[in-house]
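here is a sequence together with a model predicted from it:
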Amino acid sequence: MTDSTPRSSELREAVEAGFPAALADLTRLVRIPSVSWDGFDPEHVVRSAEAVAELARGTGVFDEVEVVRVPMEGTEDLGLPTVFARRAAREGRPTVLLYAHHDVQPPGEDADWESRPYEPTLRGDRLAGRGAADDKAGITAHLAAIRALVAAGIDPKVGIVLYVEGEEEFLSRSLPTFLERFHDRLAADAIVIADSGNWDLDTPALTVALRGAVAFNMRITTLGHAVHSGVFGGALPDAMMAAVQLLNTLWNADGSNAVAGLTSHEAETPEYDEARLREESGLPDHASPIGRGEILHRSWYQPSITVTGIDAPSVKNASNTLVPSVRVRISARVAPGQSAREYLEILQQHLRDHAPHGAQLEFDGVDVGEAFLVDTDGWAVDEALATMEEAYGTAPVLMGGGGSIPFTADLVAHFPDAQILITGVEDPDSRAHSPNESVHLPTLQRAILAEAFLLARLDARTIES
């Protein structure tokens with residue numbers, strides 16, 4: 001196909017020449033263990049924000065660059081730092097908001113990694129490390145695309161807002177306050193959220209649907225204190241038994257949702273069979289998939305419920321006692337079309353209604369995020385699809401996302417006229433949130449090129465056209 005982006009040849013050369021510097025930026029960021037969860041040192045997230053701000057200043061493009069901390073919603077406590085940078089639009093050009101996040105998931109057990117989580121390691125054409133794909137590659141793509149624009153001889157007239165959050169993996173607790181205080185400075189005609197993925201290594205994708213998220217802790221209590229399991233076993237209900245029985249009411253025998261009132265969204269999905277599911281997920285031969293319907297419909301458009309943690313005596317510390325209380329963490333996904341708050345109320349009521357043996361339930365640590373469907377009719381979507389095809393040489397796929405980006409709905413609520421473009425560099429083997437997370441470097445380079453093409457096209461467009 002023929003390139004149709006202004007200065008496309010110069011941009012291709014600039015992206016290729018600048019890729020070693022982009023890779024150096026990414027490795028520098030991955031080395032910072034910027035976990036935003038409670039229990040991890042927040043100074044690492046501060047250091048990560050300062051590193052991103054330094055890189056943003058180094059582009060020479062922005063009129064202002066700040067590291068900002070605002071109170072978390074409903075509290076006076078400051079959240080973790082966001083990097084905000086802005087270049088005003090000139091001569092009637094549109095403004096684009098470039099979003100990514102610099103915080104990362106906890107690493108998990110070092111023994112599960114083939115290399116140290118925060119030591120970026122090249123394995124063939126992949127760079128491994130926590131955050132290498134999710135989402136420090138997104139930051140790298142934004143900054144490298146901007147640098148390519150300048151290196152190609154373009155003095156950008158397009159307005160550019162860079163918004164790199166520090167709490168996305170911890171449910172964006174400062175986001176509402178930040179959107180209120182920075183509303184006018186964040187306003188944009190298009191928003192590029194570089195926090196998703198592609199269909200495969202050769203095929204780019206624009207994510208057009210995201211499930212919402214509901215998470216909470218549940219404590220199950222059956223006894224006032226621990227008692228001897230030999231003396232009272234078989235007569236008294238222990239909390240672990242009650243928890244297992246209660247949790248088992250959440251799923252049908254095939255693993256599909258068994259909670260009445262949780263809804264699905266009806267939409268077509270691309271062809272995707274069990275063999276590909278096994279290949280991309282590592283599902284072993286002895287295990288079977290769960291759920292009902294088309295595979296991608298299960299993970300994009302149906303509700304799901306997962307128990308992600310249990311606080312109970314470890315095997316090492318197990319004694320011959322009936323456990324009086326256990327606590328579990330439930331992480332659930334909400335299909336587009338159902339509000340997260342409604343989902344939460346239905347799920348918690350189901351648990352209360354099915355609590356066995358008079359078990360008492362207590363809920364805390366609640367977090368919710370809304371599902372989202374992208375309007376694909378706007379000019380910005382057309383431009384993004386065209387630039388993806390131009391950069392990758394392959395027509396992009398419109399795909400859903402099984403994961404959640406809860407703040408997307410918040411951005412739309414604050415900027416209803418902005419067009420949303422959810423992009424990213426992840427692929428089926430990136431293993432985001434898991435041990436051995438990695439990014440495919442040729443894909444990262446193509447993602448940088450696609451975004452540089454998009455910025456160049458926006459730079460040639462006036463808002464009225």
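Thanks, I have it.

looking at residue 4 now. What's its pLDDT?
Confidence at residue 4, expressed as pLDDT, is 83.

pull the helix or strand with minimum mean pLDDT from the protein.
Of all the helices and strands that make up the chain, helix 407-414 has the lowest average by mean pLDDT, DSSP states H and E, namely a mean of 86.

for that one, packing partners?
Helices and strands in packing contact with helix 407-414 are listed as helix 175-181, strand 372-373, strand 419-426; criterion 3 or more C-beta pairs under 8 Å, 6 or more residues apart in numbering; DSSP states H and E. To be clear about C-beta, it is placed using only N, CA and C from the backbone, and glycine gets the same treatment.

count of neighbours near residue 424?
29 (other C-beta atoms under 10 Å).

and what of residue 407?
The number of residues packed around residue 407, counting by other C-beta under 10 Å, is 24.

Provide the secondary structure category for the residue with the largest distance to the centre of the chain.
Among the residues of the chain, the one whose C-alpha is farthest from the average of all C-alpha positions is residue 231, by C-alpha atoms, centre = their mean at 49.2 Å. Assigned with DSSP: H, G, I helix; E, B strand; the rest coil, residue 231 falls in the helix class.

contact partners of the least confident helix or strand of the chain?
By C-beta atoms under 8 Å, 6 or more residues apart in numbering, the surrounding residues in contact with helix 407-414 are 99, 165, 168, 172, 175-176, 179, 183, 186, 191, 193, 210, 212, 369-372, 418, 420, 422.

quick one, it and strand 419-426 angle?
Computed by axes from the mean of the first three to the mean of the last three C-alpha atoms, to 10 degrees, the angle separating helix 407-414 from strand 419-426 equals 160 degrees.

residue 272: which of the helices and strands packed on helix 407-414 is closest?
Across those, residue 272 has its closest neighbour in strand 419-426 (16.4 Å, C-beta to C-beta).

what about the residue lying closest to residue 329 once chain neighbours are set aside, helix or strand, and which?
The shortest distance from residue 329 to any residue that is not its chain neighbour, by C-beta to C-beta, 6 or more residues apart in numbering, is 3.9 Å, and that residue is residue 309. Remark: residue 309 resides in strand 304-311, with elements defined by DSSP states H and E.

in that strand, what's buried?
304-305 (16 or more other C-beta atoms under 10 Å).

same question for that strand, mean pLDDT?
97.

and the protein, what are its domains?
Domain assignment of the chain by automatic domain parsing yields the ranges 8-210+372-459, 212-265+302-369.

out of these, which is the most enclosed?
Using mean count of other C-beta atoms under 10 Å, the stretch among the domains of the chain with the largest mean neighbour count is domain 8-210+372-459, at a mean of 20.

measure that one end to end?
Taking C-alpha to C-alpha, to the nearest Å, the first and last residues of domain 8-210+372-459 lie 13 Å apart.

again with stretch 58-77
End to end - C-alpha to C-alpha - stretch 58-77 spans 31 Å.

having no further points to raise, I will conclude here.
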